[in-house]
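Chemist: Coordinates only, no sequence provided:
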């Protein structure tokens, strides 16, 4: 349940840890928001989200990253290649969901902030073990994982990579709108700052698969690739962020020496 604040000063925020972007959105994302991270293929959606979780773990926070597109090995190789020092955090691979209680005990014993990663293989194994129809149970398994992690070790942030993959794996049928409403409200009720990654078509005509996600989300951050004079630049913009006065200009997104930067907001970038 979202609490009513008595003053603006009470608003707690989660930094994106993108230099130049947080300064243009009152310091970051309001705690407990459900944010859509929308972008075309190759725009670094997963990297931007992991960047938040990693840097928050450095401050002692606990996060859960569920990957429905890549194995955790593939993800970790990517993040290591980006030169994140994973030894600075408690990186926990949840490979066997049936042993989640034992995992929670290990996570609670850690003296560092934690990023928990589980993937499509672990969830598929859990669904097979349930001996029920696989189509409609992905959402329930994901919900149970998030609930148990939140209750067991106080999960602060959650990332789902991606909504697009969940739609393929799950059978929403004619109940798409109601089930999406349920997902967003479920996360808000848990008071977890959530990042839902969404594939945006190359035509850039919409931010999400069914478009209802745009209205249900508390915030929308868009990443895209833009071609100018045969050179391609990555760009980022905050389209929507409730309870926040933000600059909605488009910024060039760069990643150098382990740091994301948002540059040239509202200006033509140097190419």
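Modeler: Great, that's in hand. Values in this document were obtained by computation on a predicted structure and should not be read as measured data.

Chemist: When you work out contacts or count neighbours from here on, use the C-alpha atoms and nothing else.
Modeler: Fine.

Chemist: element containing the spatially most central residue of the chain?
Modeler: Nearest to the centroid of the C-alpha atoms of the chain, with distances taken as Cα atoms, centre = their mean, sits residue 195, at 2.8 Å. Assessed by DSSP states H and E, residue 195 sits inside strand 193-199.

Chemist: Just give the strands next to that strand in its sheet, each with its orientation.
Modeler: strand 34-39 (parallel), strand 157-161 (parallel) (DSSP bridges).

Chemist: For the residue lying closest to residue 163 once chain neighbours are set aside, name its beta-bridge partners.
Modeler: Of all residues not flanking residue 163 in the chain, residue 198 sits nearest, at 5.5 Å (Cα to Cα, 6 or more residues apart in numbering). Beta bridges link residue 198 to residue 38 when assigned by DSSP bridges.

Chemist: Touching, residue 198 and residue 39? I think so.
Modeler: Yes: Residue 198 is within contact range of residue 39, at 6.6 Å (criterion: Cα atoms under 8 Å).

Chemist: what touches both of the two?
Modeler: The contact sets of residue 198 and residue 39 overlap at residue 207 (Cα atoms under 8 Å, 6 or more residues apart in numbering).

Chemist: So which of the two has more stuff around it?
Modeler: Taking other Cα atoms under 10 Å, residue 198 and residue 39 do not tie; residue 39 has more neighbours (27 against 24).

Chemist: Pull the contacting residues for that one.
Modeler: Applying Cα under 8 Å, 6+ apart, the residues near residue 39 are 45, 198, 199, 200, 201, 207, 222, 223, 224.

Chemist: Would you reformat those as CSV and include pLDDT and distance to residue 265?
Modeler: Rendered in CSV, the data for the contacts of residue 39 read as follows (pLDDT from 0 to 100; distance: Cα to Cα, whole Å):
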residue, pLDDT, distance to residue 265
45, 98, 19
198, 97, 23
199, 94, 23
200, 93, 22
201, 89, 23
207, 94, 21
222, 98, 14
223, 98, 14
224, 96, 14
